[in-house]
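J.: here you go, sequence then predicted model.
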Amino acid sequence: MNIEEKVVLITGGTSGIGLAAAKLFVQNGIRVMLAGRSNEKAQAALRFLSNSSMVRFTQGNVALPDECRQIVEATYQEFGRIDMLINSAGIYFEKSIESMDETDFDQIMNINVKGTYFMCKYASDYIKKSPYGAIVNFIGCWNQWKLFLLGLLCIKRGSYSFYKGISFRVGTL
């Protein structure tokens, strides 16, 4: 398989680490599907990537399992394969555990944990078929969190345990 035939799906791909990763993949001839919630951010990302013919965008919210499935299916329909999943979608609130309410907590859990879980679930069958299959999950830098972000640290630590567990099911991550 030529490198040009590889396909990577990047959640949170319209900004931050996801967009930086997309740029590197495109520069190396790998086709990219960006997934995100905002068409406006997608247009800016596509301009940043020089409107490369190697890149497509699909809109979706990873906090919603059905939209995770739709993101994966749109990628497969567009490219006919998925070799790599990069889960870089994520949010956090710089709040103390005392000031973070249930709505904040649920929003973080739905995007950072539930979204990652369902993206892995729906993409794993395609990725297992690829001789180059890989899943990369960005979970943050634990050693840099301040004590007041303890609630977020607990969520990220739970995510890490999930990622280690799925590596046994899908393959080494």
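T.: All right, it came through fine. Keep in mind it's a predicted model, so treat the numbers as computed, not measured.
J.: please look at residue 68 and residue 124 and confirm they touch.
T.: No - contact criterion CB atoms under 8 Å: residue 68 and residue 124 do not qualify, at 11.7 Å. No exception for glycine: its C-beta is placed from N, CA and C like everyone else's.
J.: and those two? Which one has more around it.
T.: More crowded of residue 68 and residue 124, by other CB atoms under 10 Å: residue 68, with 25 against 19.
J.: for that one, which non-adjacent residue is spatially closest?
T.: The shortest distance from residue 68 to any non-neighbouring residue, by CB to CB, 6 or more residues apart in numbering, is to residue 118 (3.8 Å).
J.: for residue 86, list each beta-bridge partner.
T.: Beta-bridge partners for residue 86, by DSSP bridges, are residue 10, residue 136.
J.: ok, it to residue 35 distance?
T.: Remark: distance between residue 86 and residue 35 (CB to CB, to the nearest Å) = 10 Å.
J.: with residue 75 instead?
T.: 8 Å.
J.: more neighbours: which of the two?
T.: Neighbour count, other CB under 10 Å: between residue 75 and residue 35, residue 35 has more, with 32 against 27.
J.: does the more buried one have beta-bridge partners, and which?
T.: Beta-bridge partners recorded for residue 35 (DSSP bridges): residue 11, residue 58.
J.: any idea of the pLDDT on it?
T.: pLDDT, residue 35: 98.
J.: dump the residue contacts of the residue nearest to the spatial centre of the chain.
T.: Central residue of the chain (CA atoms, centre = their mean): residue 87, 2.0 Å from the mean position. Contact analysis of residue 87 by CB atoms under 8 Å, 6 or more residues apart in numbering lists 11, 12, 62, 115, 116, 119, 120, 135, 136, 137, 138.
J.: and the least confident of those?
T.: Ranked by pLDDT, the contacts of residue 87 bottom out at residue 138 (80).
J.: number of residues surrounding that residue?
T.: When counting by other CB under 10 Å, one arrives at 19 neighbours for residue 138.
J.: measure it to residue 86 for me?
T.: 8 Å.
J.: what's the answer for residue 40, then?
T.: Computed with CB to CB, the distance linking residue 40 and residue 86 is 21 Å.
J.: so for these two, which sits in the more crowded spot?
T.: Comparing residue 40 with residue 86 by neighbour count (other CB under 10 Å), the higher total belongs to residue 86, at 24 against 10.
J.: per-residue pLDDT, that one?
T.: For residue 86, pLDDT reads 96.
J.: any stretches of this structure with poor pLDDT?
T.: Applying pLDDT under 70 to the chain picks out residues 1-4, 139-173.
J.: which stretches of it form helices?
T.: With DSSP state H, the ranges of helices along the chain come out as 16-27, 39-48, 65-79, 102-108, 115-129, 150-170.
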